[in-house]
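*Asks:* Got a predicted model here, sequence first, then my questions.
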Amino acid sequence: MAVELEKLRDLLRNKLGEYFGDKVESIEISHGDLMMTVDRTVIVEVCKRLRDDPDFQFNFCSYITAVDYSALGREPRYEVIYQLYSITKTHRMRVKAGVPEDDAVIDTVFPVWGAADWMEREAFDMFGIVFRGHPDLRRILMPEDWEGYPLRKDFPLGGVKSFYFKRSTEPRAGEPKNLVPRIREQLSDI
Amino acid sequence: MATKRIVEHTHQSMESMSLNMGPQHPSTHGVLRVVLELDGEIITKATCHLGYLHRAKEKHAEYKTYHQFIPYTDRMDYLSPMSNNTGYVMAVEKALGVEITQRCVYLRTLLCELARMSSHLLWLGTGALELGAMTVFLWAFTQREKIYDIFEWIAGHRFTVSYMRVGGVARGDYEEWRRMVREFLDQFMNAHREFETMLNQNEIFLNRMMDIGHISGEEAISMGLSGPSLRASGIDYDARKDSPYLAYEEFDWEVPIETKGDCMARYLVRMREMEESWKICNQALDALEKTKNQPANIDNPKIIYPPKENVKKSMEDLIHHFLLASEGFKVPPAEVYSCIEAPKGELGFFLVSDGGPRAYRLGVRSPSFINLMSLEKMSIGHTVSDIVAIIASLDPVLGEVDR
């Protein structure tokens, strides 16, 4: 298994490393996982090559997600993760692309794998990373009117404000006038 | 014979109707909401709305120690907690670089396969019930009850077991428990034959299942479909065979494949998968008998909890217990993806550790979430009543879809 991974790593270096030059930032094996970091500008092209090249044939996109590295002080802040698998050649790898905080945009890989549809929506929902060109980039797990991006490191576990009191700011019958804003203020301290 | 009921959709009619299905619809297996665009009774578009059961588990993982997170994994795919536990602890073990004992390997294999049988039995029972077959539901639940008794005996819980631990299991197994599993396995194939007699020749069942919800192999790969639903489209991908983990390589079993890609094919794959699970269970049980004098947990008190009876007697064990419970163990900086073949498909855990006692980021590749995506494609051109069969044949668990 380890030998096969090293072979695949060398193939990646020869084929993609030379073609994309310094756009391929690193290719390494760690903990038995093969991973490649690329510049976000070439992500779609890299994915297309990984899918179509007869040596790689990564036809199955297992998982797309993101990581917020702000708590570790790493730059760029986000990293989008693409976990790939080849059903024909039975090997796995991971492609990663850094996305900076001030311009959290990356091209969608939806044309490469249809499976990217909901997974990219989830990454957008949780991290606020915009997948440019995605046909239907809406929130998927959180409510449509939710504010903030829950899996960012600066989003507190308890939430920032109450979802339940948001819609009715008008006092109900018998309620003191400032009840709802007061409760909201208390809840925001969580 | 079943008639092909996919109606050619050639003209756009004057009026289309939207129909809201769920989130409290009995056939959606939880809180799934599907908005259907209808032309007469034919579905022209289906849009899924998720998130009704979202409990922010990935966020919680960043605030809990590695051991504290194990009960959360039970509640993802709550029909096969043993598989979820195993998938999660395997990811942590991979980051730690821990090798588990041979006995633990067999124990986990056995329990994962029992979980698969229990999950498929629920799918069979409810799936058939939605198409009007009440008896199969009752029979399937009788069998599930027996599996739950087995789980209760060994884990102390029937449903949410939280049985696996990083580096081992919560408790060992005993002679009596193994006899109980053997008794269950001995009668299971009989029951399995009964299910098949009830359904395989059943005219109503065949009519409702054949040529419904078709998806081709290429489409299925592209949509990321995994598990039995993918194998029903003729694609041979099973993580147990293709990237072997636990003891699956040692045992003699096959991966069932069907080529038609419709609801019936998915039904047949799952039925045969139960047989294969039964084979694996028998072999794993024999292997357990052979290794019964070996320890089930690794010998590393910094990771695995000491036996509870020792905590009250030995000072060292008390300290280790206290440290593990209050602070947890630390995982060196790592980034791993580890996946298993859960009953629903490929269940992956993506773990980033920063060297602390909590995960820096834990991403869950939940098979139900990604399998459900193809519902929007499968249901087009079918009638409203067919979507019930299609959802059932995909076997989504909403706890896992929303996490």
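*Replies:* Now that the structure is in, tell me what you want to look at.
*Asks:* helix or strand for the most centrally placed residue in chain A, which one?
*Replies:* Note on chain A: the residue nearest the mean C-alpha position is A:A66, at 2.9 Å, using CA atoms, centre = their mean. In this assignment (DSSP states H and E), A:A66 forms part of strand A:60-68.
*Asks:* Parallel or antiparallel, which strands does that strand pair with?
*Replies:* Based on DSSP bridges, the strands next to strand A:60-68 in the sheet, each with its direction, are strand A:78-85 (antiparallel).
*Asks:* Kindly format the C-alpha coordinates of the strand it pairs with as PDB.
*Replies:* Listed next in PDB are the C-alpha coordinates belonging to strand A:78-85 (Å, rounded to 0.1, in the frame of the first residue of the first chain):
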ATOM      1  CA  TYR A  78      -9.400  28.800   4.900                       C
ATOM      2  CA  GLU A  79      -8.500  25.600   3.200                       C
ATOM      3  CA  VAL A  80     -10.900  23.800   0.900                       C
ATOM      4  CA  ILE A  81     -10.500  20.000   1.000                       C
ATOM      5  CA  TYR A  82     -11.400  17.600  -1.800                       C
ATOM      6  CA  GLN A  83     -11.200  14.000  -0.800                       C
ATOM      7  CA  LEU A  84     -11.000  11.900  -4.000                       C
ATOM      8  CA  TYR A  85     -11.200   8.200  -4.800                       C
END
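*Asks:* what distance separates it from the centre of its chain?
*Replies:* Averaging C-alpha coordinates over strand A:78-85 and over its chain gives two centres that are 7 Å apart (CA atoms, centre = their mean, to the nearest Å).
*Asks:* repeat for stretch B:21-29
*Replies:* Counting by CA atoms, centre = their mean, stretch B:21-29 comes out at 20 Å from the chain centroid.
*Asks:* Identify the residue nearest whichever residue of chain B sits closest to chain A in space, chain neighbours excluded?
*Replies:* As assessed by CB to the nearest CB, chain A sits closest to B:G224 within chain B, at 2.8 Å. The way it works is simple: take the backbone N, C-alpha and C, and place the C-beta from them, glycine included. Nearest non-adjacent residue to B:G224, counting by CB to CB, 6 or more residues apart in numbering or on different chains: A:A115, 2.8 Å away.
*Asks:* Tell me if I'm right that that neighbour and A:C61 touch.
*Replies:* Yes. Between A:A115 and A:C61 a contact is recorded at 4.7 Å, counting by CB atoms under 8 Å.
*Asks:* who's in contact with A:P135?
*Replies:* For A:P135, the residues meeting the contact criterion (CB atoms under 8 Å, 6 or more residues apart in numbering or on different chains) are A:F110, A:D117.
*Asks:* part of a helix, is it?
*Replies:* No. Counting by DSSP: H, G, I helix; E, B strand; the rest coil, A:P135 is located in no helix; its state is coil.
*Asks:* And it, how far from A:F110?
*Replies:* With the distance defined as CB to CB, to the nearest Å, A:P135 ends up 7 Å from A:F110.
*Asks:* cool, and A:G133?
*Replies:* Distance of A:G133 to A:F110, computed by CB to CB: 7 Å.
*Asks:* From chain B, how far out is A:R77?
*Replies:* Look at A:R77 and chain B: by CB to the nearest CB, to the nearest Å, they are 13 Å apart.
*Asks:* Tell me how many other residues surround the residue nearest to B:G224.
*Replies:* Neighbour count of A:A115, defined by other CB atoms under 10 Å in any protein chain shown: 25.
*Asks:* And it, how far from B:L225?
*Replies:* Between A:A115 and B:L225 the distance is 8 Å, computed by CB to CB.
*Asks:* okay, and the common contacts of the two?
*Replies:* Between them, A:A115 and B:L225 share these contacting residues under CB under 8 Å, 6+ apart: B:I370.
*Asks:* Chain A - how does it break down into domains?
*Replies:* Here the domain parsing of chain A from automatic domain parsing is A:2-145, A:156-190.
*Asks:* tell me the strands in the stretch 251-400 of chain B, going along the chain?
*Replies:* When assigned using DSSP state E, counting those that start in this stretch, the strands of the stretch 251-400 of chain B occupy the ranges B:334-342, B:345-353, B:359-365.
*Asks:* Kindly apply the preceding question to chain A instead.
*Replies:* Secondary structure of chain A (DSSP state E): strands at A:24-30, A:33-38, A:60-68, A:78-85, A:92-99, A:105-107, A:130-132.
*Asks:* any low-confidence regions in chain A?
*Replies:* A:1, A:158-190 (pLDDT under 70).
*Asks:* Any chance you could note which residues of it sit beside chain B?
*Replies:* Residues of chain A lying close to chain B by CB under 8 Å from any CB of the partner chain are A:30-33, A:35, A:59-63, A:65, A:67-68, A:71-72, A:81, A:83, A:87, A:90, A:92, A:94, A:113-115, A:117-119, A:122, A:126, A:139-143, A:150-151, A:155, A:157.
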